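Visitor: Return a 3D structure for these sequence lines:
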Amino acid sequence: MLKKGVMCNIILLKGVFLLKSIASFFTSFVLIITYIFGLGEISTSPGYELARKEKLTPVVSMFAGQGLCCNGEFFYSSGSITAVGFTGLAKFDLNMNCKKRVSSAIPDEFKTRFQSDHIGGIDCANGKIYASVEGEGYKYNFVLVYDCDTLEYTGEYYDLTSEYLTDGIPWLAVDRENGMLYTSKFSDVTEILAYDLETMELTRTIALSETVNRIQGGSVYGGVLYLSYDADDSTDEQVLAVNTEDGTVSIEFERHLPNYDNEAEDICVYPLHDGSLFHIIDYDKLICANIMHYSKSN
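Guide: Alright, predicted model coming up:
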């Protein structure tokens, strides 16, 4: 027979568990309601404003939760769900209507030989999509090249090794004017790696004026490298600007997204007809991916 004190403790623990369950359910309910009805206000620091946003369906979000780039005619995206071994690429018109998508984007040879299971940030140039691909605990870091029209793997790839990319290759950005490709590791980033786009040889490293963390995407526009910073356990995100000549880091603008259990992903900087310039994937961990388009305010 249980003693009276033990019984009281059991009842107390059950009560605490019930309260936690109710709180968890209520939190999830509130998140779903705010998602459906769009409650709360998305805001930015002065100088920028939200031009528009698209909520992608859960299925399409599988193909668009990681990387984003634009060639002026189409948007391209990448998606990865490591837990189930899913990788994909997608093609959208400029209004984010999905025109084509391809699953199992990482070729079997990379899955078998290197356990490559994750596509991160992407960029495009000269009819090609350049994708950052990780494998076997960040031991292998590749850039795989795909065709913009078909989204199929071209057979072209580059091994960027783990000498500098010690915790993976989360993003990459193509500098079309100078024929360069930039990337970095994810955490405690003190330098940007600069590769020749044709040979993919490391030509130099760009020492940063300050250490940055949790970089999820990059894009070059007007000679400036813009980075998408994902704040840990927060919905206050930042777009950073890096001077590729001297490595000076500054905050371009800040973003507040009150509705989302949000993970800021890739960034694409490309001027569109509606005045939007910065295009960012925000992965709503509750339901799906959202594409945010920002413009400079007057």
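Visitor: Spatially central residue in this structure, please.
Guide: Nearest to the geometric centre of the chain sits Glu265, at 2.1 Å (C-alpha atoms, centre = their mean).
Visitor: Just give the closest residue to it, not the sequence neighbours.
Guide: Ile281 (3.9 Å; C-beta to C-beta, 6 or more residues apart in numbering). All C-beta atoms are positioned from the backbone trio N, CA, C, and that covers glycine.
Visitor: Same question for that neighbour, what's its three-state structure.
Guide: strand (DSSP: H, G, I helix; E, B strand; the rest coil).
Visitor: right, and the secondary structure at the closest residue in space to Ser297 that isn't next to it in sequence would be what?
Guide: Spatial nearest neighbour of Ser297, excluding adjacent residues (C-beta to C-beta, 6+ apart): Glu49 at 4.5 Å. Judged by three-state DSSP, the three-state class of Glu49 is strand.
Visitor: Glu49 and Tyr294 touch, don't they?
Guide: Yes - under the contact definition of C-beta atoms under 8 Å, Glu49 touches Tyr294, with a separation of 6.8 Å.
Visitor: what is the mean pLDDT for the host helix or strand of Ala173?
Guide: Element membership for Ala173, per DSSP states H and E: strand 172-175. The pLDDT scores in strand 172-175 average 98.
Visitor: Alpha carbons only: can I get that strand in PDB?
Guide: C-alpha atoms of strand 172-175 as PDB (Å, rounded to 0.1, in the frame of the first residue of the first chain):
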ATOM      1  CA  LEU A 172      26.600  30.000 -51.200                       C
ATOM      2  CA  ALA A 173      26.300  33.200 -53.300                       C
ATOM      3  CA  VAL A 174      27.500  33.800 -56.900                       C
ATOM      4  CA  ASP A 175      29.100  37.200 -57.800                       C
END
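Visitor: just the strands in the stretch 151-298 of the chain please.
Guide: Using DSSP state E, counting those that start in this stretch, the strands found in the stretch 151-298 of the chain span residues 153-159, 172-175, 180-183, 189-196, 202-212, 215-221, 224-229, 236-243, 249-256, 262-269, 278-284, 289-296.
Visitor: hmm, who's touching stretch 122-131?
Guide: 66-71, 76-78, 89, 105, 119-121, 132, 143-149, 151, 154, 156, 172-174, 176, 181, 197, 218-219, 266, 268 (C-beta atoms under 8 Å, 6 or more residues apart in numbering).
Visitor: what's near enough to touch Arg204?
Guide: Arg204 makes contact with Ala194, according to C-beta under 8 Å, 6+ apart.
Visitor: Now do the same for it: its pLDDT.
Guide: The model reports Arg204 with a pLDDT of 96.
Visitor: So what sits opposite it in the bridge?
Guide: With DSSP bridges applied, Arg204 shows beta-bridge pairing to Ala194.
Visitor: Would you state the strands of the stretch 1-150 of the chain in chain order?
Guide: With DSSP E, counting those that start in this stretch as the criterion, the stretch 1-150 of the chain has strands at 43-44, 48-55, 67-70, 75-81, 86-92, 98-103, 116-125, 128-135, 140-147.
Visitor: Among these, single out whichever gets nearest to Ser250.
Guide: Evaluated over these, closeness to Ser250 peaks at strand 48-55, with 14.0 Å, by C-beta to C-beta.
Visitor: Off-centre distance for that closest one?
Guide: With C-alpha atoms, centre = their mean, to the nearest Å as the basis, strand 48-55 stands 17 Å off its chain's centre.
Visitor: Stretch 122-136 too?
Guide: The chain centroid and the centroid of stretch 122-136 are separated by 13 Å under C-alpha atoms, centre = their mean.
Visitor: Please consider this matter closed, and thank you.
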